[in-house]
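**Student:** need coordinates for the below:
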Amino acid sequence: MIIGRGLIASLFRDMDQENIIFFASGVSNSLETSPEEFLREENLIRKTFTENPDKLFIYFSTCSIYDSSKT
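**Tutor:** Numbers count the residues shown, from 1 in each chain. Take a look at the predicted model:
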C-alpha cells in the first residue's frame with residue numbers, strides 16, 4: 001500500500017506490496033504554517049497505523065532548509 005501521490009510516493013509504485021505501507025504523504029506546501037494541515041497529516045498517520053497493525057510501516061518525509069525557488 002502506498003500513501004501519497006507526490007514525487008517520493010511515485011518512486012515506490014513498482015514495489016507496492018500488500019504487507020508493506022509506504023507512507024510518503026505530507027503537507028503539500030513546504031511553507032505551510034496552518035496547524036490544521038499538520039493535524040490532518042498526523043490524523044492520517046494515526047489512522048493508517050490503527051487500521052494496519054500487522055503491516056510494516058515505512059515513513060518518508062522531506063525537509064528543505066534552502067529552497068532556491070523561494071528567494
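**Student:** quick one, longest helix in the protein?
**Tutor:** Counting residues, the longest helix found in the chain (DSSP state H) is helix 35-51.
**Student:** ok, the most centrally placed residue in the chain to residue 58 distance?
**Tutor:** By C-alpha atoms, centre = their mean, the chain has its centre lying nearest to residue 25, at 2.1 Å. Per C-beta to C-beta, to the nearest Å, residue 25 is found 12 Å from residue 58. (C-beta placed from N, C-alpha, C; glycine too.)
**Student:** residue 41 too?
**Tutor:** Distance, residue 41 to residue 58, by C-beta to C-beta: 16 Å.
**Student:** more neighbours: which of these two?
**Tutor:** residue 41 (17 against 12; other C-beta atoms under 10 Å).
**Student:** doesn't residue 25 make contact with that one?
**Tutor:** Yes: between residue 41 and residue 25 there is a contact under C-beta atoms under 8 Å: 6.7 Å.
**Student:** what distance separates the opening and closing residues of stretch 44-61?
**Tutor:** 14 Å (C-alpha to C-alpha, to the nearest Å).
**Student:** so for the residue nearest to residue 20 when sequence neighbours are not counted, what's the pLDDT?
**Tutor:** Take residue 20 and drop its neighbours on the chain: the residue closest to it by C-beta to C-beta, 6 or more residues apart in numbering is residue 56, 4.7 Å away. According to the prediction, residue 56 has pLDDT 95.
**Student:** no further questions, thank you.
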